[in-house]
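Please work out how this folds:
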Amino acid sequence: MVIELQRVLEPEKTIKSTHDIKIFTGRSHSILAEEIAEHLGTTVGPMIVKNFSDGEIYVQIQESIRGDEVFIVQSICDPVNKNLMELLIMIDAFKRASAKDITAVIPYYAYARQDRKTAGREAISAKLVADLLTTAGASRVLAMDLHTGQIQGYFNILVDHIYSTPVLIDYIKKKGLDNDNVVAVSPDAGGVERTRIFAKKLNCPIAIVDKRRKAHNVAEVENVIGDVRGKTCFLIDDMIDTAGTITEASKLLIKEGAKEVYACCAHPVLSGPAMERLEASPIKEVITTNTLPLRSGACIKITQLSIAQLLGDAITRIHEDESVSSLFS
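I've put the predicted structure just below:
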């Protein structure tokens, strides 16, 4: 099985000298960090990250970073708690090594779905993670496709929020589809704004799947709002976790007369039975990015696009005090 990894963005401009940008990474997604460093014309900094026999994490930086601007690339992916703790310890190590600025580059921000209380006596874990990163010593966070935009407000430090949309849209446009026969579909009411952005860039209408969530990771889809008959449908979501929502939505779209169905997301979490569900679903292709690594035995329908260049350009703009939002103008 071959998973396609592509870079679909052309360099926006010639990158200025980045000799004093330091890129470091933990163990969650070192391949992405190396791609970012390559795009910036540098290498990933040397660092020891290992575990003691009881599981405690040990970190030691192997070069002087006193007065430097440091970017730590670490997705908070499975195993979530281990990778989160590793990031916190790395930030603390850089703070104590007198780094000038410490930016936590977090392609996938875990605990983002727990961003509010939906029932009594629940935790707001998205806010807790923000507090932990701040307390550890991060001076800025660079995150991609947060589950909800309000998470930016949980931080008392600078947050740059960027989107994988340009990478995904560019790949879709290269398929050469007739926009008159394309529909961007939100798998639930909460994703309508995200889907509207896709539809605007693809110059196509939108549809909405009516989803009712019965429990965590358990959802039912009931009907489709909008015309999908004879259309090529793109289901748009920020992440695919157990793939229950996206696969049930694809079945409903085909039942309603859709010609074919694609799924698009930034974060391929793909936990539990996700791979088997995607394989058995009518989804033709799952278009996603490499914000986190795919686990072994990934579905052959998955096309994974690289966001290394996009993150690298954002890092360059942060370093040079330029606008990050202009990347998406």
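
so residue 224 bridges to which residues?
Counting by DSSP bridges, residue 224 forms beta bridges with residue 209.

Let me see the contact set for it.
185, 207, 208, 209, 210, 252, 253, 256 (C-beta atoms under 8 Å, 6 or more residues apart in numbering). From N, CA and C alone the C-beta is placed, and that goes for glycine too.

how about 10 Å then?
Residue 224 sits next to 183, 185, 207-210, 233, 249, 252-253, 255-258 when contact means C-beta atoms under 10 Å, 6 or more residues apart in numbering.

Among those, which are located in strands?
183, 185, 207, 208, 209, 210, 233 (DSSP state E).

Distance check, the second one against residue 249.
Spelled out, it's residue 185. 7 Å (C-beta to C-beta, to the nearest Å).

returning to that earlier point: redo the ones in strands among the contacts of residue 224 as TSV? Include distance to residue 101 and neighbour count.
TSV is the format used below for the ones in strands among the contacts of residue 224 (distance: C-beta to C-beta, whole Å; neighbours: other C-beta atoms under 10 Å):
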residue	distance to residue 101	neighbour count
183	44	27
185	41	32
207	44	21
208	42	18
209	43	28
210	46	15
233	44	29
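
least confident pick among the residues you listed?
Note: of the ones in strands among the contacts of residue 224, the lowest pLDDT belongs to residue 210, at 84.

Report how many residues lie close to residue 140.
18 (other C-beta atoms under 10 Å).

What residues sit buried inside stretch 283-302?
Counting neighbours by 16 or more other C-beta atoms under 10 Å, one finds that the buried residues in stretch 283-302 are 283, 285-294, 298-299, 301-302.

And these, which two are furthest apart?
283 and 293 (21.0 Å; C-beta to C-beta).

list the contacts for residue 111?
76, 80-81, 84, 123-130, 132, 147, 151.

before we move on, what about residue 284?
Per C-beta under 10 Å, 6+ apart, neighbours of residue 284: 232, 233, 250, 259, 260, 261, 262, 263, 301.

if you set the cut-off to 7 Å instead, what comes out?
260, 261, 262 (C-beta atoms under 7 Å, 6 or more residues apart in numbering).

tell me which element it falls in.
Per DSSP states H and E: residue 284 is located in strand 283-289.

May I have the strands that pair with that strand, each with its orientation?
strand 260-268 (parallel), strand 302-305 (parallel).

now, of those strands, which is deepest in the fold?
strand 260-268 (a mean of 25; mean count of other C-beta atoms under 10 Å).

Now the element after that one, going C-ward?
Following strand 260-268 toward the C-terminus (DSSP H and E): helix 274-280.

if we can go back for a sec, any idea which of the contacts of residue 111 has the most stuff around it?
residue 76 (28 neighbours).

Need phi/psi at it.
When read as degrees, to the nearest 10, the backbone of residue 76 gives phi -90, psi 70.

separation between the closest residue to it other than its chain neighbours and residue 151?
Nearest in space to residue 76, with sequence neighbours left out and distances taken as C-beta to C-beta, 6 or more residues apart in numbering, is residue 110 at 3.8 Å. For residue 110, the distance to residue 151 (C-beta to C-beta) stands at 11 Å.

Then residue 41?
From residue 41 to residue 151 the distance is 32 Å (C-beta to C-beta).

same deal with residue 133?
11 Å.

Repeat that for residue 227.
34 Å.

Now for residue 144: which residues touch it?
107, 162, 163, 164, 266, 291, 307 are the contacts of residue 144 under C-beta under 7 Å, 6+ apart.

Could you turn the buried ones of those into a PyMOL selection?
Typed into PyMOL, the line below selects the buried ones among these, using 16+ other C-beta under 10 Å:
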select buried, resi 107+162+163+164+266+291+307
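
Including distance to residue 240, secondary structure and pLDDT, could the contacts of residue 144 go into JSON lines?
What follows is the contacts of residue 144, written out as JSON lines (distance: C-beta to C-beta, whole Å; DSSP: H, G, I helix; E, B strand; the rest coil; pLDDT from 0 to 100):
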{"residue": "107", "distance to residue 240": "15", "secondary structure": "coil", "pLDDT": "98"}
{"residue": "162", "distance to residue 240": "20", "secondary structure": "strand", "pLDDT": "96"}
{"residue": "163", "distance to residue 240": "17", "secondary structure": "coil", "pLDDT": "95"}
{"residue": "164", "distance to residue 240": "13", "secondary structure": "coil", "pLDDT": "95"}
{"residue": "266", "distance to residue 240": "10", "secondary structure": "strand", "pLDDT": "96"}
{"residue": "291", "distance to residue 240": "12", "secondary structure": "coil", "pLDDT": "97"}
{"residue": "307", "distance to residue 240": "16", "secondary structure": "coil", "pLDDT": "97"}
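
Quickly note the distance from residue 322 to residue 287.
Taken as C-beta to C-beta, the span from residue 322 to residue 287 is 29 Å.

Distance from the chain centre to stretch 151-163, please.
On the basis of C-alpha atoms, centre = their mean, to the nearest Å, stretch 151-163 sits 14 Å off its chain's mean C-alpha point.

brain fart, stretch 22-38
15 Å.
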